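*Asks:* build me a model from this:
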Amino acid sequence: MPELPEVDALVDFLRPRLVGDFVTRADIAELSLLKTVDPSIDALAGLAITEVARRGRALVIRFDGLSLVCRFARMGWLNWHDTAPSGPTRMGKGPLGMRVTLASGAAFDLIEPGSKKNAAVSLVRDPSEVPALASLGTDALSLTVDELAAALSESTSRIKTVLEDQRIIAGLGNAYTDEILHSAKLSPFATAKTVDPQALHTAIHEVLDTARSRLIGLPPGKIKTAKKRGFSVHGRTGETCHVCGETIAEVSFADKSFQYCPGCQTGGRKLSDRRMDRLLK
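*Replies:* Sure thing, here's the model as predicted:
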């Protein structure tokens, strides 16, 4: 799932290419992608793009009086075309969800490979009309130590759960919380209220700043690939931790998994993995 650093890099790529350009047409190729009906998506035709921004993990493209809010979900992303494809947009064919064609002759596609379609596009008069954006907590990049301390102080939830909760901290997901917890040498199962907020705050900024510096300046097609290359633990089950030399471990759930280093984070102990435990019985 694209998280804060990837969407920031996407915004950095798109802003100089989109702001000041005009939409000539917007075509929907996957009906489930569009979550709003009023205003109609046809209202974009003729409008100038005034800003490109990130809210949490969402891309927001602003027009005069309207905003196009794009939430990518796990597999969604954006493809850029310097020259708009000449063929027609066909409904329900492949990963294409929406194509926006511009007066400059360029175009961008919102895509989502796979059979599960969870990405979402909303055309609204104000981004706060999108419930997922209205409920966002403080952005991870602007979060202060005091705000983080307040969020952790009474929570008995696992720290990984708290970091991924968009109502508390906006912008993080499964991948970067793995990296942040590894940097902070914290168990993903640690109780939130026992965590040192200063150390965690430092780890959040170190991981995000490093990721953003690596990704900003890349075209959309290379951002996701570069993201994976920069991870220390996420997606690296069975590999050797570059910090301590221990083997990176995994905890699996029905719909996702996360990775951690027992040597760096849990005192050498393996965390309970109910799914794997059942397979070994």
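*Asks:* which positions within the helix ranked longest in the chain qualify as buried?
*Replies:* Identified as the longest helix of the chain according to DSSP state H is helix 197-215. Going by neighbour count (16 or more other CB atoms under 10 Å), the buried part of helix 197-215 is Pro197, Leu200, His201, Ala203, Ile204, Val207, Leu208, Ala211, Arg212, Arg214, Leu215. For glycine as for every other residue, the C-beta is placed from the backbone atoms N, C-alpha and C.
*Asks:* now render the residues you listed as a markdown table, adding pLDDT.
*Replies:* Compiled in a markdown table, these are given as follows (pLDDT from 0 to 100):
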| residue | pLDDT |
| --- | --- |
| Pro197 | 98 |
| Leu200 | 98 |
| His201 | 98 |
| Ala203 | 98 |
| Ile204 | 98 |
| Val207 | 98 |
| Leu208 | 98 |
| Ala211 | 97 |
| Arg212 | 97 |
| Arg214 | 96 |
| Leu215 | 97 |
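*Asks:* this protein: strands as residue ranges?
*Replies:* Assigned strands in the chain, in chain order: 23-28, 49-55, 58-63, 67-71, 77-81, 96-102, 107-111, 120-124, 138-139, 169-170, 249-252, 257-260 (criterion: DSSP state E).
*Asks:* quick one: mean pLDDT for the second one?
*Replies:* Across strand 49-55, pLDDT averages out at 98.
*Asks:* tell me what it is packed against?
*Replies:* helix 4-18, strand 58-63 (3 or more CB pairs under 8 Å, 6 or more residues apart in numbering; DSSP states H and E).
*Asks:* okay, angle between the longest one and strand 96-102 too, please.
*Replies:* Same thing as helix 4-18. 30 degrees (axes from the mean of the first three to the mean of the last three CA atoms, to 10 degrees).
*Asks:* the strands of the chain: which one's closest to Ala184?
*Replies:* Smallest distance to Ala184 across the strands of the chain (CB to CB): 11.4 Å, for strand 257-260.
*Asks:* residues in contact with that closest one?
*Replies:* Applying CB atoms under 8 Å, 6 or more residues apart in numbering, the contact partners of strand 257-260 are 160, 174, 177-178, 181-182, 187-188, 233-237, 248-251, 266, 271.
*Asks:* just those residues: which are in helices?
*Replies:* Lys160, Asn174, Thr177, Asp178, Leu181, His182.
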